[in-house]
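*Asks:* Sequence first, predicted coordinates after that:
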Amino acid sequence: MDIRKMWLADTPLRLDQLLRDAGLYSKKETRELVSQGRICVDGEPVLSACMRLSPEAVISVDGDAVSLPAPVYLMLHKPAGLICATTSDLGPTVLELLEGPYRSMPLFPVGRLDKDAEGLLILTSDGALCRRVTRPENRMEKKYFVTYRGTLREDAEALLAAGAVLPEGIQCLPAKLKRLPGDTAEVTVTEGKYHEVKRLISLCGGHVTYLRRLSIGAFTLDPALRPGEYREMTAEELKMLFL
């Protein structure tokens, strides 16, 4: 789509990333093909698998043009009990919810939600979108609704806003806390540290008992989707992530 190309023009992808994300070659396989002189871009032999490409670049292998499949973007209402991974020895993954042609597509989850968490999750074949959403330097906000036990300290909002330091010494980027009625709150973060929301609430004196992701940037979970349901994202929804 046009908005994706506009973003990629400023953030060009590496050749090995592009071919991997398209499910064609692993990074190792791309390096081997490059070393053998078998990959060309716009008719010129490639010298490095790390070469960065414009969205309009024409790639060929052994003289045959590579047809890159159009990226797929799914919005999933993740239910509790599933792991955000393509494969796992620890239990069923979110990809096991997919049916029909989606089951054979090279899709993967964008970022992670804890196994016991619910809410908005993007499944895609587009590594550019994944990096856009998950890299901390892009400061993409992710908002969560939580319920908790305990009493949050009076300065909890200021603590998170200043960039909390976890007990093991890990510095977090500034986050937002909004108290809601009862033992509920909204937490907004811009990174994806392991169990970050749960650990921030714990640092503030509470213990998370329920966690649901509400939004990524301006992109929010479709309220019509029940846990376990998914649909393709619209062009307008993608604009919210690439702009």
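*Replies:* Noted; the coordinates are in hand.

*Asks:* Residue 87 reaches residue 96, doesn't it?
*Replies:* No - in this structure, residue 87 is not within contact of residue 96 by C-beta atoms under 8 Å, at 10.1 Å. For the C-beta atoms, the positions are set from N, CA and C on the backbone; glycine is no exception.

*Asks:* the more surrounded of the two?
*Replies:* residue 96 (11 against 7; other C-beta atoms under 10 Å).

*Asks:* what's the spacing between that one and residue 13?
*Replies:* Noted for residue 96: a distance of 29 Å to residue 13, by C-beta to C-beta, to the nearest Å.

*Asks:* residues making contact with the longest strand seen in the chain?
*Replies:* Looking across the chain with DSSP state E, the single longest strand is strand 206-216. Strand 206-216 is contacted from outside by 78, 113-114, 116-122, 133, 140-152, 183, 186, 197-198, 201-202, 220-221, 241, using C-beta atoms under 8 Å, 6 or more residues apart in numbering.

*Asks:* I'd like to know which of the residues you listed are buried.
*Replies:* For these, a neighbour count by 16 or more other C-beta atoms under 10 Å gives the buried set as 78, 113-114, 117-122, 133, 140, 142-148, 152, 183, 197-198, 201-202, 221, 241.

*Asks:* Return the set of buried residues in stretch 35-43.
*Replies:* Residues 39, 40, 41 are the ones in stretch 35-43 that count as buried (16+ other C-beta under 10 Å).

*Asks:* And what about the second one, helix, strand or coil?
*Replies:* In the three-state summary, residue 40 is assigned as strand, counting by DSSP: H, G, I helix; E, B strand; the rest coil.

*Asks:* from memory it sits against residue 57, does it?
*Replies:* No - contact criterion C-beta under 8 Å: residue 40 and residue 57 do not qualify, at 10.3 Å.

*Asks:* Farthest out from the centre of the protein, which residue is that? Tell me.
*Replies:* Within the chain, residue 63 marks the point farthest from the mean C-alpha position, 34.2 Å out by C-alpha atoms, centre = their mean.
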